[in-house]
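> just a sequence and a predicted model for now, questions to come.
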Amino acid sequence: MALPLDPQPAPYDLAAFRALVGDVPLVDEPVILRKRSRDFFWYSPILNAELAGKSADIIAVPRHEADVIAVASACARLGIPLTPRGAGTGNYGQAVPLHGGVLIDMSGLAAIAWQRPGQVRVGPGAVMSDLDAALQPGGWELRMHPSTKRKATVGGFVAGGSGGVGSVGYGGLREPGNILAARIVTLEPEPRILELRGDAGWNWWSPSTRSTPPWRSATKRLWPTASSRSSSVRSPGRCHAISARSPRPARTA
């Protein structure tokens, strides 16, 4: 179904939103709004009929944590829906703003905060293939990844709440030891920064409502690369303030 080219009036106070977020980069060009308000839901005729006309009213593109906090605070104060977006590679409409409002594009938050033996802390906007490429010179790689690894972001993969290549050995993302921690920005007039570890690092995601608060970074378990599994880095290393399952032995072909 073709979408109308003329933007419809937003039911939210976007002028007040702009004032509250200050210099946070914003996008309101209609073609970009429609493009980034979609994922691959159109694979399903049922979802396509329900979601084809849905679109954000404005896009926020945070550069750092302070921008995420500003956007979350403004949306909470003004009652504007907030939809986080990764790369939009999902098939189920999880990145679609059902009631318009603000879409927060997390692609700019892609930095690796630190890497330790068996662990990495990374921003939600990191593309998974880029992250793997950065890890492999040190002999590590991600435990699991989706088939859309070349485009999918860490944030979208975690928020999707599933699994992927590697799940035969390590289960789904919610299995102990896969997500070690998450740094969360709450959606409140005065947002809080929550550092969740262990099971709490996963349970902030709500499978019953498919709702996901903006999050700043996640700590993920790694696995030695194929060329390193017979070397001295076979051990997963010590955990960072939590208990987590060790990697299983490498499978032989």
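Everything's here; your move.

> for stretch 158-171, how far is the first residue from the last?
Stretch 158-171 has an end-to-end distance of 14 Å (C-alpha to C-alpha, to the nearest Å).

> revised request: answer the last question for stretch 18-25.
10 Å.

> what residues sit buried inside that stretch?
Within stretch 18-25, the residues that qualify as buried are 20-21, 24, counting by 16 or more other C-beta atoms under 10 Å. From N, CA and C alone the C-beta is placed, and that goes for glycine too.

> columns pLDDT, secondary structure and distance to residue 156 on top of these, output as CSV?
Shown next, in CSV, are the buried residues of stretch 18-25 (pLDDT from 0 to 100; DSSP: H, G, I helix; E, B strand; the rest coil; distance: C-beta to C-beta, whole Å):
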residue, pLDDT, secondary structure, distance to residue 156
20, 98, helix, 26
21, 98, helix, 23
24, 98, coil, 21
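
> ok, so of those, who is nearest residue 85?
Nearest to residue 85, judged by C-beta to C-beta, of these is residue 24 at 15.0 Å.

> nearest residue to that closest one other than its sequence neighbours?
Distance criterion C-beta to C-beta, 6 or more residues apart in numbering; nearest residue to residue 24, sequence neighbours excluded, is residue 67 at 4.7 Å.

> and the pLDDT at that neighbour?
Note on residue 67: pLDDT of 97.

> and it, how many neighbours does it have?
20 (other C-beta atoms under 10 Å).

> tell me if I'm right that it and residue 20 touch.
No: the criterion here is C-beta atoms under 8 Å, and residue 67 misses it with residue 20 at 12.0 Å.

> before we move on, the earlier item: so which residues make contact with the host helix or strand of the residue nearest to residue 24?
Following DSSP states H and E, one finds residue 67 within helix 65-78. Outside of helix 65-78, the residues within contact range by C-beta atoms under 8 Å, 6 or more residues apart in numbering are 12-13, 16-17, 20-22, 24-25, 60, 62, 80-82, 101-102, 104, 109, 185-191, 193, 213-214, 216.

> give the closest residue to residue 82 in space, chain neighbours not counted.
Nearest non-adjacent residue to residue 82 (C-beta to C-beta, 6+ apart): residue 75, at 4.3 Å.

> run a quick neighbour tally on the one you found.
26.

> now swap in residue 27 and tell me
Residue 27: 14 neighbours (other C-beta under 10 Å).

> what's the pLDDT at it?
97.

> report the rounded mean pLDDT for stretch 177-192.
90.

> should've said stretch 110-124
Taken as a whole, stretch 110-124 carries a mean pLDDT of 90.

> how long is that stretch end to end?
By C-alpha to C-alpha, one end of stretch 110-124 lies 6 Å from the other end.

> swap in stretch 76-84?
Start-to-end, stretch 76-84 (C-alpha to C-alpha) is 14 Å.

> again, but for stretch 183-195
The first and final residues of stretch 183-195 sit 5 Å from each other (C-alpha to C-alpha).

> would you map the strands across this protein?
For the chain, the strands defined by DSSP state E occupy 26-27, 58-60, 82-85, 102-105, 112-116, 119-122, 140-142, 179-185, 193-197, 215-224.
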